[in-house]
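> Quick one, what's the 3D model for this:
(one chain, ligands or ions: 1)
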Amino acid sequence: MQSGFSITAFEAVCQLYTQFLVTMLPALRPCPGCHAPREIQGCRRRALQWAADQIDFIALTRLRCRACHTVETLFPPWILPYELAALWILEAAVTAVAVDGHSLQQTADRWHWSLAWIRAHLRPWIAVSPEFRALVAQ
Ligand SMILES: [Zn+2]
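Reported below is the predicted structural model:
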């Protein structure tokens, strides 16, 4: 993501996911176990904080392999499996604290988190941030 990247409507977030599917689905379609083409099986609704005061449910496509009886939910690189906030928000929070020297309290306030929440999460975010930044930049 570019710095200053911002999204103003949830529709734009959904469009970003559609773009991800269009680009990645051909490569993701074959089953990693048996290489048979998998079929789309509905979606999984996933809560996503995509702006400071905005949490919506995004529908993540699922692929099913009939032979292996497996189902995989397709996460774009900007949704981390165990984080509510989108990657661009984590990046903004990490940058505010680690680069711009903002306090944890200021940053927690900006994104509507509790101080305890950001305290518990910031270190793992800093750890994954460069890795995911590289992924998204591809
Ligand atoms: Zn399979």
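
> which bits of this structure sit near the ion?
31, 33-34, 65, 67-68 (C-beta under 5 Å from the ion). Backbone N, C-alpha and C define where each C-beta goes, glycine included.

> who wins for neighbours among those residues?
residue 65 (20 neighbours; other C-beta atoms under 10 Å).

> these two touch, right, it and residue 36?
Yes: using C-beta atoms under 8 Å, residue 65 is in contact with residue 36, at 6.2 Å.

> Could you say which helix or strand holds residue 57?
strand 54-65 (DSSP states H and E).

> and what of residue 25?
With elements taken from DSSP H and E, the one containing residue 25 is helix 10-28.

> residues touching the most centrally placed residue in the chain, list them.
In the chain, the centroid-proximal residue (C-alpha atoms, centre = their mean) is residue 79; its distance is 1.0 Å. Residue 79 makes contact with 46, 48, 58, 60, 86-87, according to C-beta atoms under 8 Å, 6 or more residues apart in numbering.

> Can you name the two of those that sit furthest apart?
Across these, the longest distance by C-beta to C-beta is 14.6 Å; it joins 60 and 87.

> Look at these two and report which has more neighbours.
For residue 60 versus residue 87, neighbours defined as other C-beta under 10 Å are more numerous around residue 87 (22 against 18).

> for that one, phi and psi?
phi -60, psi -40 (degrees, to the nearest 10).

> Surely it and residue 93 touch.
No: judged on C-beta under 8 Å, residue 87 makes no contact with residue 93 at a distance of 10.7 Å.

> Now, the residues of the chain next to the ion that are in strands?
Among these, the residues falling in strands (DSSP state E) are residue 65.

> after the helix holding residue 25 comes which helix or strand?
strand 39-51.

> Quick check: residue 83 is in a strand.
No: according to DSSP: H, G, I helix; E, B strand; the rest coil, residue 83 belongs to no strand; its state is coil.

> residues contacting it?
Here residue 83 is in contact with 90, 121, 125 (C-beta under 8 Å, 6+ apart).
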